[in-house]
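Undergrad: structure for this input, please:
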Amino acid sequence: MRVKEKGLTFAPEADRRTLIRRLTFDLTGLPPPRKTSTHS
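TA: Numbering: from 1, shown residues only. Take a look at the predicted model:
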């Protein structure tokens with residue numbers, strides 16, 4: 001089933017900090033430390 005056929009929409013693009021947190025969790029299986037530097 002396609003997204004449009006179901007009337008669904010995609011979530012808005014996440015910011016850099018959120019992407020880094022998600023990637024860290026995916027790679028390690030653990031949430032990142034509270035003070036994660038994003039070098040922004």
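
Undergrad: remind me which residues of the chain are low pLDDT?
TA: Residue ranges of the chain with pLDDT under 70: 1, 36-40.

Undergrad: in it, where's the longest helix?
TA: helix 16-28 (DSSP state H).

Undergrad: check which helices and strands that helix is in contact with.
TA: Contact partners of helix 16-28 among helices and strands, from 3 or more Cβ pairs under 8 Å, 6 or more residues apart in numbering; DSSP states H and E: none. C-betas here are computed from N, CA, C, even on glycine.

Undergrad: how near is L8 to R22?
TA: 20 Å (Cβ to Cβ, to the nearest Å).

Undergrad: ok, these two, which is more surrounded?
TA: Taking other Cβ atoms under 10 Å, L8 and R22 do not tie; R22 has more neighbours (12 against 9).

Undergrad: measure the closest residue to that one other than its chain neighbours to L27 for me?
TA: Once flanking residues are discounted, R22 sits nearest to A14: 7.3 Å by Cβ to Cβ, 6 or more residues apart in numbering. A14 sits 16 Å away from L27, taking Cβ to Cβ as the criterion.
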